[in-house]
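> Need coordinates for the following:
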Amino acid sequence: MNFTATIGIKNPKLLKLLKTEYKKVKKERFEVYVDKDIKVKAKDATALKAILNSISNSIIIFEKMEKLK
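Numbering: from 1, shown residues only. Predicted structure coming up:
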C-alpha cells in the first residue's frame, strides 16, 4: 500500500532549513520533495511514520531555536 502526505510551511526560514535538510531524498521505502510544501511518498505506514517523525523533529528544533532569539 502506498501513502502520501503534504505539509504546508508558511515560514520562509523554516522552509529554507527543510529544503537544505530534505532537498530531494529518495530511499527504497520513501521519497521526500521540498518546494513550496513538503511532499512525502511512502511504500508503507512504518516508513511514512519514520520520515514524518524526522521532519517533525526538525520543525521542533527550529521552533526551539527561534524562541531563544
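> can you tell me which helix or strand Ile61 belongs to?
Taking DSSP states H and E as the criterion, Ile61 maps to helix 45-68.
> what's that helix packed up against?
In terms of contacts (3 or more Cβ pairs under 8 Å, 6 or more residues apart in numbering; DSSP states H and E), helix 45-68 is packed against strand 3-8, helix 12-22, strand 30-34, strand 37-42. (C-beta placed from N, C-alpha, C; glycine too.)
> tell me which residues in it are buried?
Within helix 45-68, the residues that count as buried by 16 or more other Cβ atoms under 10 Å are Ala47, Leu48, Ile51, Leu52, Ile55, Ser58, Ile59, Phe62.
> Distance of the residue nearest the centre of the chain relative to Lys69?
What sits nearest the mean C-alpha location of the chain, by Cα atoms, centre = their mean, is Ile55, with 3.8 Å. As for Ile55, its distance to Lys69 is 22 Å (criterion: Cβ to Cβ, to the nearest Å).
> Kindly report the same for Pro12.
Distance from Pro12 to Lys69, by Cβ to Cβ: 16 Å.
> So these two - more neighbours on which side?
Neighbour count, other Cβ atoms under 10 Å: between Pro12 and Lys69, Pro12 has more, with 8 against 4.
> ok, Lys36 - contacts?
Ile9, Leu15 (Cβ atoms under 8 Å, 6 or more residues apart in numbering).
> Okay then, goodbye and thanks.
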